[in-house]
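Asker: prediction below, plus the sequence it came from.
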Amino acid sequence: MSGTSLDGVDIALTSFSPASPRATLIGALCLPLPPDLRSDLLALCQPGADEVRRAGIAGQQWARLAAQGVNQLLQQHGISASQVAAIGSHGQTIRHHPESGFSVQIGAPALLAELCGIDVISDFRSRDLAAGGEGAPLVPAFHAWLLSDPEQSRVLINIGGFANLTLLSGDEQVCGFDSGPGNVLLDYWTQQHTGQLFDADGTWARSGQVIPGLLDRLLQDPYFSRTAPKSTGREYFHPAWLQQHLDGRHDRPADVQATLLELTARTIAEALAGCQSQPEAVYICGGGARNGFLMERLQQLLVPRPVQSTAALGVDPDWMEAMAFAWLAWRCQLRQSGNLPAVTGAKGKRILGAIYPA
């Protein structure tokens, strides 16, 4: 899969079992997106000319890159295609409009099946949307299956391009939703002003000062006060959204970066504070777990609860989401549901995914 950060295609070779250990990560790799493909995918996230043809071509390019990664990973571990039950391919989201009943992921799953000689299961969001859900977030179902603990209430926060929360209360009740931007605005601002793809460890943000007036303006966006179920994406929080709040201002770029990091941290903390039950511990996965300054701010905002990466639970934070879509493919093969209606707002549990035989 490739997430909203659009930094690369993550591939996780995973085995699942109803018994413990429920999930075993055999191996993983990330193939960076070529700059031209990344630019094309970013452009497809907003309206433009000749979109259908461009999306078709980009989807095929994405599938060829994914196939290269799958074959490389299998070769590294001495595993043949015939030993793999299926590829769970999320693809790349280019539009997410649950208010209109659709979400579009491209990735040419039929081509991926052809190139790898392995069944491909994709299009995980459509079935939940058809049942009246948001089609997102889907990862909380995997979090609940793998990491629920009756002895500890906990929240798992996946910070990729966007941030989503999974609150596991320990009594089989699960709450989950997108809190707002994760790394998406931070990465954009970093790329515009430093030429780097991301702000490594939050070092640049740490060098700046939060701009209170700007932060207040950003926090007034109505998305943050909406109640769950809710999900969001680049269609809503995009460069133009940020620019409209910056118009007429002449702030230091490092100070804007510090403010954007504070926006991510504050919206996560405030979203968690708004939940009916409060967790004993906080675990972070996704790229945000590698941002030391963001982790520090979350710890300060969520004290006295400890804030750790999911590595403390035995799950590498870099591969949690890719493992989740492998799990969704496994669930589809078993004809078992993959969504949580309490999270997405769907009318009920549904089997997610469309199968493309090899």
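Answerer: Perfect, I can see it now. Numbering: from 1, shown residues only.
Asker: tell me the pLDDT of the residue of the chain most remote from its centre.
Answerer: Within the chain, the residue lying farthest from the chain centre (Cα atoms, centre = their mean) is Gly248, at 32.7 Å. Listed pLDDT for Gly248 reads 86.
Asker: now swap in the one 4 residues further on and tell me
Answerer: The per-residue pLDDT reported for Arg252 equals 97.
Asker: which phi and psi does it have?
Answerer: Here is the backbone geometry of Arg252 (degrees, to the nearest 10): phi -60, psi 140.
Asker: give the contact list for it.
Answerer: By Cβ atoms under 8 Å, 6 or more residues apart in numbering, the residues touching Arg252 are Gly208. Where you see a C-beta, it was placed from the backbone N, CA and C, and this is true even at glycine.
Asker: and after the longest helix seen in the chain, which helix or strand comes next?
Answerer: For the chain, the longest helix by residue count, based on DSSP state H, is helix 51-76. Downstream of helix 51-76, the first helix or strand assigned by DSSP states H and E is strand 87-88.
Asker: for that following strand, packing partners?
Answerer: Contact here means 3 or more Cβ pairs under 8 Å, 6 or more residues apart in numbering; DSSP states H and E; on that basis strand 87-88 packs against helix 109-116, strand 120-122, helix 320-333.
Asker: and these as CSV, adding mean pLDDT?
Answerer: Putting the helices and strands packed on strand 87-88 into CSV (pLDDT from 0 to 100) gives the following:
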stretch, mean pLDDT
helix 109-116, 98
strand 120-122, 98
helix 320-333, 98
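Asker: what's the most buried one of these?
Answerer: Mean neighbours per residue, mean count of other Cβ atoms under 10 Å, is largest over those for strand 120-122, with a mean of 28.
Asker: quick one: contacts of the following helix or strand past that strand?
Answerer: Using DSSP H and E, the helix or strand that follows strand 120-122 towards the C-terminus is helix 126-130. Applying Cβ under 8 Å, 6+ apart, the contact partners of helix 126-130 are 98, 101-103, 134-135, 138, 339, 344, 346, 350-354.
Asker: again with stretch 236-248
Answerer: 45-46, 162, 180-181, 184-185, 188-189, 214, 217-218, 221, 223, 256, 260.
Asker: mind redoing it with 6 Å?
Answerer: Residues from elsewhere that reach stretch 236-248, judged by Cβ atoms under 6 Å, 6 or more residues apart in numbering: Pro181, Leu185, Tyr188, Arg217, Leu218.
Asker: what comes up buried for the helix or strand hosting the last one?
Answerer: Pointing back at Leu218 there. Per DSSP H and E: Leu218 is located in helix 212-219. Neighbour-count burial for helix 212-219, with 16 or more other Cβ atoms under 10 Å as criterion, is recorded at Leu214, Leu215, Leu218.
Asker: next one: the first one from Asn183, what distance?
Answerer: The reference is to Leu214. 18 Å (Cβ to Cβ, to the nearest Å).
Asker: now the helix holding Leu218: average pLDDT?
Answerer: For helix 212-219, the mean per-residue pLDDT is 97.
Asker: would you mind extracting the C-alpha trace of it into CSV?
Answerer: Written as CSV, here are the backbone C-alpha positions of helix 212-219 (Å, rounded to 0.1, in the frame of the first residue of the first chain):
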residue,chain,number,x,y,z
PRO,A,212,-0.8,31.4,18.7
GLY,A,213,-3.0,33.4,16.3
LEU,A,214,-2.3,31.1,13.4
LEU,A,215,-2.9,28.0,15.5
ASP,A,216,-6.2,29.4,16.8
ARG,A,217,-7.3,30.0,13.2
LEU,A,218,-6.4,26.5,12.1
LEU,A,219,-8.1,24.9,15.1
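Asker: what's it in contact with?
Answerer: Contact with helix 212-219 is made by His245, Thr259, Glu262, Leu263, as judged by Cβ under 6 Å, 6+ apart.
Asker: and the longest helix of the chain, what does it pack onto?
Answerer: If contacts are counted by 3 or more Cβ pairs under 6 Å, 6 or more residues apart in numbering; DSSP states H and E, helix 51-76 sits against strand 8-16, strand 23-32, helix 35-44, helix 109-116.
Asker: related to what we said a few turns ago, which among the helices and strands packed on strand 87-88 is found nearest to Asp7?
Answerer: Closest approach to Asp7 among the helices and strands packed on strand 87-88 (Cβ to Cβ): helix 320-333, 12.3 Å.
Asker: show me what the closest one is in contact with.
Answerer: With contact meaning Cβ under 6 Å, 6+ apart, helix 320-333 is reached by 1, 10, 12, 14, 16, 86, 88, 90, 121, 124, 139, 142, 285, 310, 338, 351-353.
Asker: list the buried residues in the helix or strand following that helix.
Answerer: Counting by DSSP H and E, the next helix or strand C-terminal to helix 320-333 is helix 341-344. Residues of helix 341-344 classed as buried by neighbour count (16+ other Cβ under 10 Å): Pro341, Val343, Thr344.
Asker: how about residues contacting whatever helix or strand comes next after helix 341-344?
Answerer: Past helix 341-344, further along toward the C-terminus, the next helix or strand under DSSP H and E is strand 354-356. The contact list for strand 354-356 (Cβ under 6 Å, 6+ apart) reads Pro109, Ala110, Ala113, Val120, Ile121, Asp123.
Asker: in those, find the pair that's most separated.
Answerer: Maximum distance among these (Cβ to Cβ): 13.0 Å, for Ala113 and Asp123.
Asker: where in this structure is pLDDT low?
Answerer: Along the chain, segments meeting pLDDT under 70 are nowhere present.
Asker: output stretch 178-197 as CSV, nothing but the C-alphas.
Answerer: Coordinates of each C-alpha in stretch 178-197 appear next as CSV, following Å, rounded to 0.1, in the frame of the first residue of the first chain:
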residue,chain,number,x,y,z
ASP,A,178,-9.6,10.5,11.9
SER,A,179,-8.6,13.3,14.1
GLY,A,180,-7.2,15.5,11.3
PRO,A,181,-3.9,16.1,9.6
GLY,A,182,-0.9,14.0,10.7
ASN,A,183,2.2,14.6,8.5
VAL,A,184,0.5,15.8,5.4
LEU,A,185,0.8,19.6,6.0
LEU,A,186,4.2,19.2,7.8
ASP,A,187,5.6,17.4,4.8
TYR,A,188,4.2,19.9,2.3
TRP,A,189,5.6,22.9,4.1
THR,A,190,9.0,21.1,4.5
GLN,A,191,9.2,20.3,0.8
GLN,A,192,8.3,23.9,-0.1
HIS,A,193,10.9,25.5,2.1
THR,A,194,13.8,23.1,2.6
GLY,A,195,13.6,20.8,-0.4
GLN,A,196,13.5,17.8,1.9
LEU,A,197,10.7,15.2,1.7
